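K.L.:
Provided below for reference: sequence and predicted model.
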Amino acid sequence: MTRAVCPGSFDPVTRGHLDVIGRAAALVEEVVVAVGANGSKRAWFTAPERVAMLEEACAGWPNVRVALFDGLLVDFCTAEGIGAVVKGLRSAADFAYELPMAQMNAHLSGVDTVFVAAAPAWSYLSSSLVREVAGLGGDVAEFLTPAVAERVRRRAGERGR
């Protein structure tokens, strides 16, 4: 079985993330969306909340499942029998950031990384930008699924907006 992982923090999951996940799902038999439980990041949403948002957002793809992971991605890949990482690239800066990680992952475990160019409609989009705009009272609904947009709106309100 051909399996790939789409890792990230997904805080929150955006339409850009979903575009990459959907394209990966069309290429392989199974995609595991791996939600990092990195406690050092200042997330708006807990790891279980992010998993729940992704499960709902990915429900239309029968070959996509969501899992929580902590630690090295390559250890997760080895434990899950996953041979490829799929990462979306928005710009040359993303490539410069992702390439050394891809090379390290390959060196440590033999797991290859496949880069997917972001769709032009989402090439400027990031979770941090969505949080910033929402935190300042802006409307981010077009960048998110309706359910995620509602969660972001509520969380922004809880955080003082």
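P.N.:
Perfect, thanks for sending it. Residues are numbered from 1 along each chain as shown.

K.L.:
now do the contacts for residue 91.
P.N.:
Residue 91 sits next to residue 123 when contact means CB atoms under 8 Å, 6 or more residues apart in numbering. In short, each C-beta sits where N, CA and C put it, glycine included.

K.L.:
with residue 15 instead?
P.N.:
122, 125, 142-145.

K.L.:
now residue 142
P.N.:
Contacts of residue 142 by CB under 8 Å, 6+ apart are residue 15.

K.L.:
distance-wise, check it relative to residue 113.
P.N.:
29 Å (CB to CB, to the nearest Å).

K.L.:
and if you look at residue 133?
P.N.:
30 Å.

K.L.:
list the buried residues of stretch 67-87.
P.N.:
69, 73-74, 76-77, 82-87 (16 or more other CB atoms under 10 Å).

K.L.:
quick one: which of residue 133 and residue 113 has more around it?
P.N.:
Counted by other CB atoms under 10 Å, residue 133 and residue 113 do not tie: residue 113 has more neighbours, with 19 against 15.

K.L.:
no more questions from me, cheers.
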